[in-house]
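*Asks:* Got a predicted model here, sequence first, then my questions.
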Amino acid sequence: MQKSNAQPLFITMHDAHPSNKDYQHSFVLYHQVSLKNWIVHVVGHVHVKEETNGYYQFAGNTFIPGYANWQYNTPQFIVDQAPQFDPNVHKYDRTVPNTVWASNAAASNDFYAGANRYPRSA
């Protein structure tokens with residue numbers, strides 16, 4: 001992915017659970033990779049921690065949906081693809097069901113509407 005300069009299909013953002021003290025928000029970057037005759041999605045988390053001088057973004061985990069026990073630290077090139085967190089732009093209301101900030105709402109809805117998120121033959 002890094003060598004091909006793969007760009008995310010879309011990015012979402014959600015808030016961490018209020019009890020989480022390590023970070024307050026997470027960007028989730030969704031990539032599509034073609035491997036031989038397979039289409040695989042790779043999902044990377046980039047966490048956002050609020051600090052006194054602004055926001056610090058750092059790697060969470062990356063995984064392939066549908067694969068159990070397969071997760072790794074999010075690579076730096078995916079961290080670099082995340083937008084800079086802006087509380088005036090990246091809003092999420094956990095009290096309202098099914099709300100999320102998305103860079104492309106249509107792509108996000110398509111991804112979650114069917115089996116697109118799981119590995120499949122091309």
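*Replies:* Perfect, thanks for sending it.
*Asks:* In this protein, which helix is the longest?
*Replies:* helix 105-113 (DSSP state H).
*Asks:* Check which residues of that one are buried.
*Replies:* 107-108, 111 (16 or more other C-beta atoms under 10 Å). The C-beta positions use only the backbone N, C-alpha and C, and glycine is treated the same way.
*Asks:* wait, which of those is closest to Phe10?
*Replies:* Ala107 (4.1 Å; C-beta to C-beta).
*Asks:* beta partners for the residue lying closest to the closest one once chain neighbours are set aside?
*Replies:* Nearest residue to Ala107, sequence neighbours excluded (C-beta to C-beta, 6 or more residues apart in numbering): Phe10, at 4.1 Å. Taking DSSP bridges as the rule, Phe10 bridges to Tyr30.
*Asks:* For the closest residue to Val42 other than its chain neighbours, give me its contacts.
*Replies:* The spatial neighbour of Val42 that comes closest, neighbours along the chain excluded (C-beta to C-beta, 6+ apart), is His31 at 4.6 Å. The contact partners of His31, by C-beta atoms under 8 Å, 6 or more residues apart in numbering, come to 1, 6-9, 41-44, 78.
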